[in-house]
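Asks: coords please:
(2 chains)
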Amino acid sequence: MNSNTGIYVLRENLIQFYKRQEFLLLSVFRFAVSLAVLLLLRGHLGIHGPAGAALNSTLLNVILALVCSLLPTGFSAGIIGLVLVWDLYRLSLEATAICAALILVCLLVYFRFSPRDTMILLLMPVAYALNLHYLVPLLAGLMFGPGAAVAVLFGLLFTKYVLLVEGSLPVLAAPAGGLALTGERLIANFRLLVDGMVNDKSLVILAAALAAAAIAVCFTRRLAIEYAWVIAITVGCILELIILLAGDMRYGTEIDLAHVFLGIVISFMLAQIVRFFTFNVDYLRIENVQFEDEDYYYYVKAVPKVMVYSSDPEDDEFDPPSGEDDAEDYEG
Amino acid sequence: MLNEEKIRLMTRLTVYEEGLGVGDGRTAEYFRNDYVLSGMVGSFVAGTLAWGICAAIYCGYFFEQIFFSVYENSLGPFLRLAATSYVSFILFFLLVTLLIYYRRSASFRRRRLMYAQDLDALMEICEKEAEEA
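Replies: Model prediction:
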């Protein structure tokens, strides 16, 4: 048995395992992501708050993550959003107001159209902590539509905002020495935070790179060419690198090129691994249905079929799954 | 004796009815133009709220300039900026909503057509079975 056959056998076994344990595995995944985000919030904001605060308790965070794992992703994001707002409220009123405004704009403008993309929002801070934020737009482009670029941007925005608030805490929490009036101090802190976001050129360049990558990956993988997904991931990574380098040369953001390059290379490899395992799995979920006719009761488990891409135009094989569109098509 | 084709059809129909069919059932209550219009009304409200929030942040940032403009009775430039930004944003947002809802409507029609075809096929099988019985 050669190694190639072994890999495909392993993939098939893993896919079968996933199909059997889909609910459990997805719950574990949602739990892990929720817990990671909550612990990151505690690590960046919670520890600066009053000592002994309830949300700093690991047990409470684990319980919240367990609740999030059982709820739909939108509700999980809502719970984590409330935790974020509460953590900020204990530190700075101005930061809370801006964060609440961002959350509302995010909900009103984007997530009313595409609530499924909230997982991207939760993945971004976790990926950023691991220097793998270049992976998120690649996965978003592979698994969702071009609108997922907006979710990537919002995820990056919230991540950077938390880091900005943490970095500005010495000023935000300083006693009102030079500024006698509370109102003046309020506006000064407000401006500090808004300037920190708007004037951060590295944030703008990174946002442009990630958004462009997500859109490029999404459109490239839908092309009717062989190895479309591999090419899409490659294009996405190259685009990220080019935009980051160009932005650094233009605006002098002084990014750590080695860090960026390493992050993109690892993201490329991880994206290829994800593609290897998910390309042949239809995104229609396993369905357990029951119905009856005059003679029988039927308890049926409908398992998505493996789809095979063929480069022969005369071949009647299926097109490669293209994520959102094919998942929505009722083809049975 | 199990009719596999019938089971296949019934499974597909049930998967659709319990999944996408729930949302499609609500969409089917509207004519296409009414469905798109309802989405645009919702987007108008949501867009106006979102713009209002951004405008509040802008006003908070430029609070002193706005305050002095009110004092000097020269709010014209700010009002013009507000009106221009609101109209541009709302028009863009409504255009995006229009495209999204038209696309959803097209997908919905395609699914309902396939659902109707499967129902017809199932009915044929049931009638055939009834005749044979």
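Asks: Tell me the buried residues in stretch A:110-127?
Replies: A:110-111, A:113-114, A:116-127 (16 or more other C-beta atoms under 10 Å in any protein chain shown). Bear in mind the C-beta positions are built from the backbone N, C-alpha and C, glycine included.
Asks: ok, now which ones touch the nearest residue to residue A:33 once chain neighbours are set aside?
Replies: Among residues not flanking residue A:33 along the chain, residue A:122 sits closest, at 5.3 Å (C-beta to C-beta, 6 or more residues apart in numbering or on different chains). By C-beta atoms under 8 Å, 6 or more residues apart in numbering or on different chains, residue A:122 lies in contact with A:33-34, A:37, A:73, A:76-77, A:80, A:155.
Asks: In which helix or strand does residue A:122 reside?
Replies: helix A:118-129 (DSSP states H and E).
Asks: Contact residues of chain A facing chain B?
Replies: Contact residues (C-beta under 8 Å from any C-beta of the partner chain) of chain A with chain B: A:98, A:101, A:104-105, A:108-109, A:112-113, A:187, A:190-191, A:194, A:287, A:289-291, A:293, A:296, A:298, A:300, A:302, A:328-332.
Asks: For the stretch 151-300 of chain A, which residue gets nearest to chain B?
Replies: residue A:289 (4.2 Å; C-beta to the nearest C-beta).
Asks: Spit out the contact partners of that residue.
Replies: Per C-beta under 8 Å, 6+ apart, neighbours of residue A:289: A:300, A:302, B:11, B:14-15, B:18.
Asks: quick revisit: sort the contacts of residue A:122 by pLDDT and name the bottom one.
Replies: Lowest in pLDDT among the contacts of residue A:122 is residue A:73, which has 86.
Asks: one step back: buried ones among the contacts of residue A:289?
Replies: Judged by 16+ other C-beta under 10 Å, buried ones among the contacts of residue A:289: A:302, B:11, B:14-15.
Asks: where's the residue most central in space within chain B, which helix or strand?
Replies: Geometric centre of chain B, nearest residue: residue B:101, 4.6 Å, by C-alpha atoms, centre = their mean. Here residue B:101, judged by DSSP H and E, is contained in helix B:76-132.
Asks: next one: residue A:188
Replies: Going by DSSP H and E, residue A:188 is part of helix A:182-198.
Asks: related to what we said a few turns ago, of the contacts of residue A:122, closest to residue A:149?
Replies: Nearest to residue A:149 among the contacts of residue A:122 is residue A:155, at 10.7 Å by C-beta to C-beta.
Asks: Quick check: closest non-adjacent residue to the residue of the stretch 151-300 of chain A closest to chain B.
Replies: Using C-beta to C-beta, 6+ apart, the nearest residue to residue A:289 is residue B:14, at 4.2 Å.
Asks: just residue A:171 next, same as before
Replies: Nearest non-adjacent residue to residue A:171 (C-beta to C-beta, 6+ apart): residue A:192, at 6.3 Å.
Asks: nearest spatial neighbour of the most centrally placed residue in chain A, skipping sequence neighbours?
Replies: The residue lying closest to the centre of chain A (C-alpha atoms, centre = their mean) is residue A:120, at 2.2 Å. Closest residue to residue A:120 apart from its sequence neighbours, by C-beta to C-beta, 6+ apart: residue A:151 at 4.1 Å.
Asks: out of the contacts of residue A:122, which are inside helices?
Replies: Using DSSP state H, A:33-34, A:37, A:73, A:76-77, A:80, A:155 are the members of those that sit in helices.
Asks: Mind putting the residues you listed into CSV with neighbour count?
Replies: Formatted as CSV, the ones in helices among the contacts of residue A:122 follow (neighbours: other C-beta atoms under 10 Å in any protein chain shown):
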residue, neighbour count
A:33, 21
A:34, 27
A:37, 28
A:73, 20
A:76, 25
A:77, 25
A:80, 23
A:155, 28
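Asks: all helices for the stretch 151-300 of chain A, in order.
Replies: Secondary structure of the stretch 151-300 of chain A by DSSP state H, counting those that start in this stretch: the helices cover A:182-198, A:201-221, A:228-251, A:257-278.
Asks: count of neighbours near residue A:163?
Replies: By other C-beta atoms under 10 Å in any protein chain shown, 16 other residues sit near residue A:163.
Asks: same thing with residue A:236?
Replies: 33.
Asks: my guess is it contacts residue A:211, does it?
Replies: No. Look at residue A:236 against residue A:211 with C-beta atoms under 8 Å: they stay out of range, at 11.0 Å.
Asks: any idea how far the closest residue to residue A:38 other than its chain neighbours lies from residue A:150?
Replies: In this structure, residue A:38 finds its nearest non-sequential neighbour in residue A:61, 4.4 Å apart by C-beta to C-beta, 6+ apart. Distance, residue A:61 to residue A:150, by C-beta to C-beta, to the nearest Å: 28 Å.
Asks: Over to residue A:115?
Replies: The gap separating residue A:115 from residue A:150 is 13 Å, by C-beta to C-beta.
Asks: who's in contact with the residue nearest to residue A:171?
Replies: Contacts of residue A:192 (C-beta under 8 Å, 6+ apart): A:168, A:171-172.
Asks: List the buried residues in the host helix or strand of residue B:37.
Replies: Per DSSP H and E, residue B:37 falls inside helix B:32-61. Buried residues in helix B:32-61, counted by 16+ other C-beta under 10 Å: B:35-36, B:39-40, B:43, B:46-47, B:50-51, B:53-54, B:57-58, B:60-61.
Asks: What of stretch A:233-242?
Replies: Quick answer for stretch A:233-242 (16+ other C-beta under 10 Å): A:233-237, A:239-241.
Asks: can you put those in JSON lines and add pLDDT?
Replies: Below are those laid out as JSON lines (pLDDT from 0 to 100):
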{"residue": "A:233", "pLDDT": "94"}
{"residue": "A:234", "pLDDT": "95"}
{"residue": "A:235", "pLDDT": "95"}
{"residue": "A:236", "pLDDT": "95"}
{"residue": "A:237", "pLDDT": "95"}
{"residue": "A:239", "pLDDT": "95"}
{"residue": "A:240", "pLDDT": "95"}
{"residue": "A:241", "pLDDT": "95"}
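Asks: Kindly reformat the residues you listed as CSV and extend each row with distance to residue A:28.
Replies: What follows is these, written out as CSV (distance: C-beta to C-beta, whole Å):
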residue, distance to residue A:28
A:233, 26
A:234, 31
A:235, 32
A:236, 27
A:237, 28
A:239, 33
A:240, 29
A:241, 33
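Asks: Would you mind listing what in chain B touches chain A?
Replies: Counting by C-beta under 8 Å from any C-beta, chain B comes close to chain A at B:2, B:6-8, B:10-12, B:14-16, B:18-20, B:42, B:46-47, B:49-50, B:53-54, B:56-57, B:60-61, B:63-64, B:93, B:97, B:100, B:107, B:110-111, B:114-115, B:118, B:126.
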